[in-house]
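what follows is a protein structure lacking sequence information:
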């Protein structure tokens, strides 16, 4: 009975993620995060660049996706909103703003875990 319920829960979760457009593979990821420097202008979503905002760039997650980024070294985490595309460097999974990097306690590069928490 519990096994049946667990299967239904998993199927419902997978269906919900597929319906709202978040790929299953991207709903949980680990890898290297980097801080990206803004040179002014606009993000790929058309928003004005804001280094003080808790936003990030991801290659495939839809704009507006809320992602919990956790620094593996110190356990600190922050929720960022995807509003840009990138990173374009092999081996990196996310670019975060300087404000998000400060909240996570790193500058430069860090090993992180990503978990999709919703959409804005």
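Nice, I can see it. In this text the structure is predicted, and so the values were computed from the model without any measurement.

and the contacts of stretch 78-94?
Stretch 78-94 has contacts (Cβ atoms under 8 Å, 6 or more residues apart in numbering) with 29-34, 36, 43-45, 47, 53-59, 61-69, 95-97, 100, 103-104, 109, 112, 114, 117, 120. Where C-beta positions appear, they are placed from N, C-alpha and C, glycine not excepted.

which neighbouring elements make contact with the lengthiest strand in the chain?
Secondary structure assigned by DSSP state E gives strand 109-119 as the longest strand of the chain. For strand 109-119, the packing partners by 3 or more Cβ pairs under 8 Å, 6 or more residues apart in numbering; DSSP states H and E come out as strand 28-35, strand 65-71, strand 92-96, helix 98-104.

only the buried subset of the contacts of stretch 78-94, as a ChimeraX command please.
Filtering the contacts of stretch 78-94 down to the buried ones (16 or more other Cβ atoms under 10 Å) takes a single ChimeraX command:
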select :29,33,34,36,43,53,54,55,56,57,58,61,63,65,66,67,69,95,96,97,100,103,104,112,114
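
and the gap between the residue nearest in space to the middle of the chain and residue 90?
Taking Cα atoms, centre = their mean, the centroid of the chain lies closest to residue 67, which sits 4.0 Å from it. For residue 67, the distance to residue 90 equals 20 Å [Cβ to Cβ, to the nearest Å].

ok, now residue 68?
Counting by Cβ to Cβ - residue 68 and residue 90 are separated by 24 Å.

just for this structure, where's the confidence low?
Across the chain, residues meeting the criterion (pLDDT under 70) sit at 1-27.

could you give the bridge partners of residue 77?
Residue 77 forms beta bridges with residue 70, as assigned by DSSP bridges.

ok, and what's touching the longest strand of the chain?
17, 20, 22, 26-34, 61-62, 64-73, 79, 92-94, 101, 104.

quick one: strands adjacent to it?
Here strand 109-119 is paired, per DSSP bridges, with strand 28-35 (antiparallel), strand 65-71 (antiparallel).
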